[in-house]
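# build me a structure from this.
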Amino acid sequence: MQDLSPAEQYRQQRALHQSHLSTLQTKRSRLGWIRFAVFIATIIIAYFIFSAYGSIGFVAIAAGLVLLVFLIFGDADNNRRIAHTEALIRINEEELRVLEHQYTTLYDGAIYAEPAHVYAADLDLFGCSSLFQYLNRCYTAQGRQRLADNVLAPLPIGQIEERQEAVKELASSLAWRQDGQAIAAGTPLTFATQRKIEAWLADEETHYETPFWKVFVPLYSIITIGSALAAMLDLIPTTLFFSLFTLYYIVGLFLSRNATKAYTQLSGIVKEVAVLESLVAQVKESDFTAPLLKRLEADAADVSAAIRQLKAILDRFDVRLNVFAFIIINSFLLWDVRQIMALNNWRSANKEGASTWFDLVSEAEVLNSLATLHFNQPEWCFPIFSETHFAINGIAIGHPLLAETQRVNNDFELRGAPKVGLITGSNMAGKSTFLRSLGVNIVLAQIGASVCAARFELSPVYLLSSMRIADNLAENTSTFYAELKKLRPSLKP
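Numbering: from 1, shown residues only. Now for the predicted structure:
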């Protein structure tokens, strides 16, 4: 497969997923008919058993309901697989369009634009037809923010070289990378969810923490369930049981008041926590050799179980959304109290470091973005960093945002400090495009990405640009003064 071009590999992946989608859709139809048949069969069998044997018919109803629930869960899992496969098909179709230089439908990161930044506007880092739009394959808010931060400020050399090694290894893992993209695209993580989790972790829960509740809750459940069994076996009158159930309901409702705060803090985040769990699990189960990827894998292994436990508790907490089921299980089992106790135990064990979960996922997404660029443009090179300041030496340098058929590549070298390179030429000769080619490739180089050149050597550099200057009447700023303001950072010691 490695001998195939990027476009051929994307088409191959798309065909594979389309075939799998067809199988899943057939299965969905089959499951629908099976559920209908089980429902009808349960009614018919229960009717005949009730007619012949009386209350034993409840056994048939119970068995039918269990089977229906099993089929419903199977259908839900199949629907998740369908949604995931459809996302994979979309991802491959998007990449095929990107290879044809049709990428303006992707997320453009315009919200990260900083007009006063020393080079962002001049180099078209954000917005339509921008470097961010071409490069970004992040779906989480945390991943997009990290990528934006990276292109706005260079990374240390050690971190760049670690990323280069990781990107080279990741680029060939097409299926693994796209699987992560499809997971993240399902319900993208937001900063709102991160803030909810961090605020809840910082809060102190005072309810149901004493040892009393560890004894009371199981004992209470034994009593309530025991009374229900006694009523079923005619050991106590039905009227007495209903009176007891009313009492159980009032007790459960009274104690559930103390669960409202935690539920409000954590409401609506189950789907995003599920995505977080899946993304961390994917990193944990990887088998890469690059040091940066191995660290991410180890970090994921440390937190994967904790995230899975949190999701399980939140899933159980959401049972309260089903009013009928909640009335039953909360009355008999004090369901809300149990979940608050579980959350208290979980918070005690995992109070520190929740933000690292999102850092892990965002770094993995940024690496995937850089790996996708390297995969799509295998002829581009990874820059070599020189310890001698100042040095820039490139062969066949082109603008990454121009299609190969429109791109004019140039060689350029500048060594020593201080040095000035003077670019001359007639109007519309490509001077600005060439300068932007240098600037954008320097940005790519200093975030660990491959660059649009046959060879590129660079010493670490603080990039400045002053190409798009305009006056501002509202700020009483002339073009000349705007130019001075843009140049001021370069004059600071």
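
# in what helix or strand does the residue most central in space within the chain lie?
Nearest to the centroid of the C-alpha atoms of the chain, with distances taken as CA atoms, centre = their mean, sits residue 184, at 3.7 Å. Secondary structure from DSSP states H and E places residue 184 in helix 174-186.

# picking up where we left off before, count of neighbours near the closest residue to the residue nearest to the centre of the chain other than its chain neighbours?
Nearest residue to residue 184 in three dimensions, chain neighbours excluded: residue 139, at 3.9 Å (CB to CB, 6 or more residues apart in numbering). Backbone N, C-alpha and C define where each C-beta goes, glycine included. A count of nearby residues for residue 139, using other CB atoms under 10 Å, gives 24.

# do the same with residue 345
Per other CB under 10 Å, the neighbour tally for residue 345 reads 13.

# swap in residue 221?
So residue 221, with other CB under 10 Å, has 16 neighbours.

# try residue 46
Around residue 46 there are 19 other residues, counting by other CB under 10 Å.

# report pLDDT for it.
pLDDT, residue 46: 85.

# just want the angle from the helix or strand hosting it to helix 174-186.
Using DSSP H and E, residue 46 maps to helix 6-53. Per axes from the mean of the first three to the mean of the last three CA atoms, to 10 degrees, the angle that helix 6-53 makes with helix 174-186 is 60 degrees.

# use 18 as the first number for this chain going forward.
Got it, first residue is 18 now, which makes that one helix 23-70.

# list the helices and strands helix 23-70 packs on?
Judged by 3 or more CB pairs under 8 Å, 6 or more residues apart in numbering; DSSP states H and E, helix 23-70 is in contact with helix 74-116, helix 191-203.

# just want the angle from it to helix 74-116.
Helix 23-70 and helix 74-116 are oriented at 170 degrees to each other (the same axes, to 10 degrees).

# helix 23-70: how far from the chain's middle?
Centre-to-centre, helix 23-70 and its host chain are 29 Å apart (CA atoms, centre = their mean, to the nearest Å).

# same check, this time on stretch 422-429
Distance, centroid of stretch 422-429 to centroid of chain: 36 Å (CA atoms, centre = their mean).

# and what of stretch 137-154?
Worked out by CA atoms, centre = their mean, stretch 137-154 lies 21 Å from the chain centre.

# with stretch 94-107 instead?
Counting by CA atoms, centre = their mean, stretch 94-107 comes out at 16 Å from the chain centroid.

# residues of that stretch that come out buried?
Judged by neighbour count (16 or more other CB atoms under 10 Å), stretch 94-107 contains these buried residues: 95, 98-99, 101-106.

# which residues sit against that stretch?
30-31, 34-35, 37-38, 41-42, 44-45, 48, 195-196, 198-200, 202-203 (CB atoms under 8 Å, 6 or more residues apart in numbering).

# next, count neighbours for residue 393.
17.

# got the phi/psi numbers for it?
phi -70, psi -30 (degrees, to the nearest 10).

# list the contacts for the residue lying closest to it once chain neighbours are set aside?
Spatial nearest neighbour of residue 393, chain neighbours left out: residue 23 (5.3 Å); criterion: CB to CB, 6+ apart. Shown in contact with residue 23 (CB under 8 Å, 6+ apart): 112, 116, 392-393, 395.

# one more: residue 38?
Contacts of residue 38 (CB under 8 Å, 6+ apart): 99, 102-103, 106.

# turn those residues into CSV, including distance to residue 480 and pLDDT.
As requested, those are exported to CSV (distance: CB to CB, whole Å; pLDDT from 0 to 100):
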residue, distance to residue 480, pLDDT
99, 46, 95
102, 42, 96
103, 41, 96
106, 39, 97
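
# before we move on, back to that, for the helices and strands packed on helix 23-70, which has the smallest mean pLDDT value?
Ranked by mean pLDDT, these bottom out at helix 74-116, which scores a mean of 90.

# give me the mean pLDDT for the helix or strand that comes right after that one.
Of the helices and strands lying after helix 74-116 in sequence (DSSP H and E), the nearest is helix 148-152. Taken as a whole, helix 148-152 carries a mean pLDDT of 97.
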